[in-house]
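In: Got a predicted structure here, sequence first:
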Amino acid sequence: MKTIRLFVSMMFLLLLVLGVSSCSSDLGSDVNKYANAYITIDINPSVEIITNDEGLVESVNALNDDAEILLIDTSFNGKTVDEVVDIIMTLAMETGYIIDTEENAILITTETDNAALKADLDDNLDAVVNKFTEKHQLKMQVHHENQGATKELKAQAEALGISVGKLKLINKAMEVDYELTLEAAKVMAVKDLNRILINARKDMADIYSEASKQLYKSLKNRMNDEVRIKRVELINELLKTADTIKLASILENSTATIEDIKLLYANYYEELFAVKNTYDEEAIIAEILETEDVTQLTNQLMEMNRIRETILKQFKGSGEAITAWEENLDLMEEVNGNLRNVIQAQIKNKIQDQVAFQFSFNEENGELNIRLNIQYKTKINEIKAKYEALFLEKGIELEALEELFSEEIQADVKQFREQFQNQITKMKNEAKKIKQELKEKIKTEKEIRKEINKKNKKGLSDN
């Protein structure tokens, strides 16, 4: 009898172990199939989700200012994609970005390195969203990246032989990695593109405003533009006094004379230098600030900001503060949006190149401050390609010519880069100083949005 009981006990333990192993295996399979995935959820807020090798969430990032409000004081590391999407939708509903009495829409973009797994991920996210909408009795239209993509984006993705989702991911990665090219990125694994984004998001962790993040990214890109031009300038100066001995390896297989090389490279530098001096940024800002539309909108927005600051300071969950905020919010967002659009239109009329801008108010003197950061990467690349071809006609590789002077210019290039890096570091330090103040404001704004949403729901139920 004891033997039978012992046998039964052992069988029970064996089955228990097998059952646990089976559950663990199933769980691992479910999690792993979303390993190294890139996901964006656009409700306005717009949120980015990146998973790790194990399929668990490693990084969740705000892609606009509304998402900064939504994600304040949240932590998602180690959670599953399902859990994170459910939490994001819950927060969006609590703060009034999803409204149960209105038609809502969500745009989901996904990318993995496996088409079948991407399809499975899409189906799973649809199921998560549908479950949420049924639970809360919402009206929700679900769209995927192809439905939300422009014809131009679809055509570009098709020409490159990649999905729309991967092209969107590549564009995000290229925003933060100056050296990354479309040709190189299209053959990269999603995991590697994700790592570029994760590192960049960490670098910008102390910067809260989306406009400030864009300015920071463009400032780093501008530094690289300037360093490239400075490098050519230094080589051009050394090339002026270079002799046939220095250029022997270049002249050996070339039809060009030493003077031909010097003249052609001088032309290359002059074209690059002209690009850098295309615009007078200070004059452009002064002209924009003097326009009537900007002046009127600035005055309106200053008044809206004053009211907003007063409410944020006085807010203790009072009905009066909530009502005042609600009345002010729509108007403030409208005026702020109008001002941004007017400034953007003025900039587009004056500047044909890619440009980031940021505007802010000096609370003490009521002045509007505009910062521009023009990027010349595309023009620089075009000029470089032009002169690579011209040098190649003479049997010379431009890169090989420049390599002859690389050691001589190394110290000067490093010093020049450090000067720009100091500006970037200064901006980051300024962001750190105001981080806590901004964080507290965002937390309060999130609470006010929750209270407004509760108030509106209560009003509907009373009616």
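Out: Yes, it's here.

In: what element comes up after the helix or strand bottoming out on mean pLDDT in the chain heading to the C-terminus?
Out: The helix or strand of the chain with the poorest confidence is helix 2-32; it has a mean of 39 (mean pLDDT, DSSP states H and E). The helix or strand immediately downstream of helix 2-32 is strand 38-42, counting by DSSP states H and E.

In: Partner strands of that next one, with direction?
Out: Sheet pairing here is set by DSSP bridges, and for strand 38-42 it gives strand 46-51 (antiparallel), strand 103-111 (antiparallel).

In: List the contacts of the helix or strand following the longest one.
Out: Where DSSP H and E defines the elements, the next helix or strand beyond strand 103-111 is helix 115-136. Around helix 115-136, the neighbours that count as contacts under Cβ atoms under 8 Å, 6 or more residues apart in numbering are 33-34, 37, 39, 81-82, 85-86, 89-90, 93, 100, 106, 108, 110-112, 138-140, 142, 144, 163, 165. Every C-beta, even on glycine, is put in place using the N, C-alpha and C of the backbone.

In: likewise stretch 54-61?
Out: 30-35, 37, 47-52, 67, 71, 74, 76-81, 83-84, 88, 197-198, 201.

In: Check what pLDDT residue 446 gets.
Out: pLDDT, residue 446: 82.

In: Start the count at 51 instead of 1 going forward.
Out: Done: numbering now begins at 51, and the last item shifts to residue 496.

In: Work out for me the element it sits within.
Out: According to DSSP H and E, residue 496 maps onto helix 456-512.

In: Run the chain-centre distance for that helix.
Out: Centroid separation between helix 456-512 and its chain, computed with Cα atoms, centre = their mean, to the nearest Å, is 13 Å.

In: now swap in stretch 260-269 and tell me
Out: 9 Å.

In: List the contacts of that stretch.
Out: By Cβ under 8 Å, 6+ apart, stretch 260-269 touches 112-115, 118, 225-226, 250, 254, 257, 404-409, 421, 423, 425, 473-474, 477-478, 481.

In: Can you give me the domain assignment for this structure?
Out: Using automatic domain parsing, the domain ranges for the chain come out as 88-253, 261-506.

In: Pick the most buried one from the ones you listed.
Out: The highest average neighbour count among the domains of the chain, using mean count of other Cβ atoms under 10 Å, belongs to domain 88-253 at a mean of 17.

In: in a strand, that's where residue 109 is, yeah?
Out: Yes: assigned with DSSP: H, G, I helix; E, B strand; the rest coil, residue 109 falls within a strand.

In: For it, which non-adjacent residue is spatially closest?
Out: residue 100 (4.3 Å; Cβ to Cβ, 6 or more residues apart in numbering).

In: what does residue 458 give?
Out: residue 288 (6.0 Å).

In: so the one you found sits right up against residue 462, yeah?
Out: No: counting by Cβ atoms under 8 Å, residue 288 stays clear of residue 462, with 10.3 Å between them.

In: Make TSV out of the strands paired with strand 88-92 and add mean pLDDT.
Out: Output for those, formatted as TSV (pLDDT from 0 to 100):
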stretch	mean pLDDT
strand 96-101	95
strand 153-161	93
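
In: will you turn these into JSON lines that also has distance to residue 433?
Out: Shown next, in JSON lines, are the strands paired with strand 88-92 (distance: least, Cβ to Cβ, whole Å):
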{"stretch": "strand 96-101", "distance to residue 433": "34"}
{"stretch": "strand 153-161", "distance to residue 433": "33"}
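
In: How much space separates the residue nearest to residue 109 from residue 159?
Out: 12 Å (Cβ to Cβ, to the nearest Å).

In: where do the contact lists of the two overlap?
Out: By Cβ under 8 Å, 6+ apart, the residues touching both residue 100 and residue 159 are 88-89.

In: Show me the shaky parts of the chain.
Out: Residues of the chain that meet the criterion pLDDT under 70 lie in 51-83, 361-380, 406, 410-416, 506-513.

In: can you give me the strands for the stretch 151-300 of the chain?
Out: 153-161, 189-194 (DSSP state E, counting those that start in this stretch).

In: who wins for proximity to residue 315 among those?
Out: strand 153-161 (42.3 Å; Cβ to Cβ).

In: now the closest one against helix 165-186, angle please.
Out: 160 degrees (axes from the mean of the first three to the mean of the last three Cα atoms, to 10 degrees).

In: Convert the C-alpha atoms of strand 153-161 to PDB, please.
Out: Extracted in PDB, the C-alpha atoms of strand 153-161 (Å, rounded to 0.1, in the frame of the first residue of the first chain):
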ATOM      1  CA  GLU A 153     -16.200  57.800 -32.400                       C
ATOM      2  CA  ASN A 154     -12.600  57.000 -31.700                       C
ATOM      3  CA  ALA A 155      -9.700  55.800 -33.900                       C
ATOM      4  CA  ILE A 156      -6.400  54.100 -33.400                       C
ATOM      5  CA  LEU A 157      -3.600  53.700 -35.900                       C
ATOM      6  CA  ILE A 158      -1.300  50.700 -35.200                       C
ATOM      7  CA  THR A 159       2.100  50.400 -36.900                       C
ATOM      8  CA  THR A 160       4.200  47.200 -36.400                       C
ATOM      9  CA  GLU A 161       7.400  45.800 -37.700                       C
END
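
In: Sweet, I'm off.
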